[in-house]
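Student: the sequence and its predicted three-dimensional model are supplied below.
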Amino acid sequence: MPQITAIEPQKKKDRFNVYIDGRFAFGIDENVLVKNRLKINQQLTGDQVQNLIKETILGKFTDQALRFLSYRPRSKKEVVDYLVKKISQNESVKYDRARESPLIAKIIAKLTRYGYLNDLEFALWWFSARTKSKPKGPALIKAELVKKGIDKDTIENILPGQVDQVGFAKKAVEKKLKKWHGLPGLEFKKKFYSYLAGRGFDFDTIKETFAFLTKRR
């Protein structure tokens with residue numbers, strides 16, 4: 001059975017951090033601590049742990065996560081990282097301890113169940129956003145999605161068949177052409193290649209785009 005291994009006072013008055021089996025579990029008000037007669041070495045059933053979590057701050061952090069999601073779509077990793085930060089700040093524990101909180105898994109499961117979190121839908125939205133006004137190439141988009149915690153299979157599933165790399169490259173560089181107008185040929189080519197490479201386009205795409213657009217110069 002789960003066992004309370006430590007109860008430590010927070011910096012905040014009348015609040016305590018409860019550790020179960022050596023891992024941070026949740027922060028708790030003193031009145032909840034006293035009411036449930038919690039003490040070190042006390043064994044708890046799974047139901048008791050869940051009830052204590054519900055009685056503490058599950059609702060508050062769920063509401064904070066929903067507000068975080070209201071600004072734009074998020075990946076699961078983004079929401080997990082956000083919750084870790086909030087729990088760390090609110091419960092005065094270090095990040096690695098906050099990441100252990102069972103609150104996070106419960107909130108993520110709830111948000112996923114009700115459709116607020118879906119990594120495939122997020123990846124599709126991210127791809128669309130990154131290929132609009134100032135398009136980025138697939139390599140850069142992939143790197144961004146990996147950083148957001150999207151798995152390789154999901155990334156590969158959304159890119160094939162959707163990527164008109166030359167079309168996106170033309171759109172990405174279009175506004176720069178006016179600025180570079182009149183530059184010597186070699187300098188123009190260097191800026192052209194460097195700019196598109198920096199936006200994640202591969203060499204063959206840049207070469208094809210350059211050949212197409214320089215015909216119009």
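Tutor: All right, it came through fine.

Student: walk me through the domains of the chain.
Tutor: The chain breaks down by automatic domain parsing into domains covering 4-113, 118-217.

Student: and those, which one averages the lowest pLDDT?
Tutor: Ranked by mean pLDDT, these bottom out at domain 118-217, with a mean of 83.

Student: would you map the strands across this structure?
Tutor: Per DSSP state E, the chain carries strands over the ranges 4-9, 15-20, 23-29.

Student: spatially central residue for the chain, please.
Tutor: Glu78 (2.0 Å; C-alpha atoms, centre = their mean).

Student: Gly149 is in contact with that one, correct?
Tutor: Yes. Counting by C-beta atoms under 8 Å, Glu78 touches Gly149, with 7.2 Å between them. C-beta: built from backbone N, CA, C; applies to glycine.

Student: list the contacts for the residue nearest to the centre of the chain?
Tutor: Residues near Glu78 by C-beta atoms under 8 Å, 6 or more residues apart in numbering: 148-149.

Student: sorry, back to before: turn the strands of the chain into TSV, including mean neighbour count and distance to Gln43.
Tutor: Below are these laid out as TSV (neighbours: other C-beta atoms under 10 Å; distance: least, C-beta to C-beta, whole Å):
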stretch	mean neighbour count	distance to Gln43
strand 4-9	14	8
strand 15-20	20	10
strand 23-29	21	14
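
Student: for Ala169, find the nearest of those strands.
Tutor: Of all those, it is strand 23-29 that lies closest to Ala169, at 48.2 Å by C-beta to C-beta.

Student: next, the buried residues of stretch 176-192.
Tutor: Using 16 or more other C-beta atoms under 10 Å as the test for burial, stretch 176-192 gives 188, 192.

Student: off-centre distance for it?
Tutor: Relative to the mean C-alpha coordinate of its chain, stretch 176-192 is positioned 37 Å out (C-alpha atoms, centre = their mean, to the nearest Å).

Student: what does stretch 195-207 give?
Tutor: Remark: stretch 195-207 is offset 26 Å from the chain centroid, using C-alpha atoms, centre = their mean.

Student: what's the span of that stretch, first residue to last?
Tutor: One end of stretch 195-207 to the other measures 12 Å (C-alpha to C-alpha, to the nearest Å).

Student: next one: the residue nearest to the centre of the chain from Tyr71, what distance?
Tutor: Glu78 is 11 Å from Tyr71, where distance means C-beta to C-beta, to the nearest Å.
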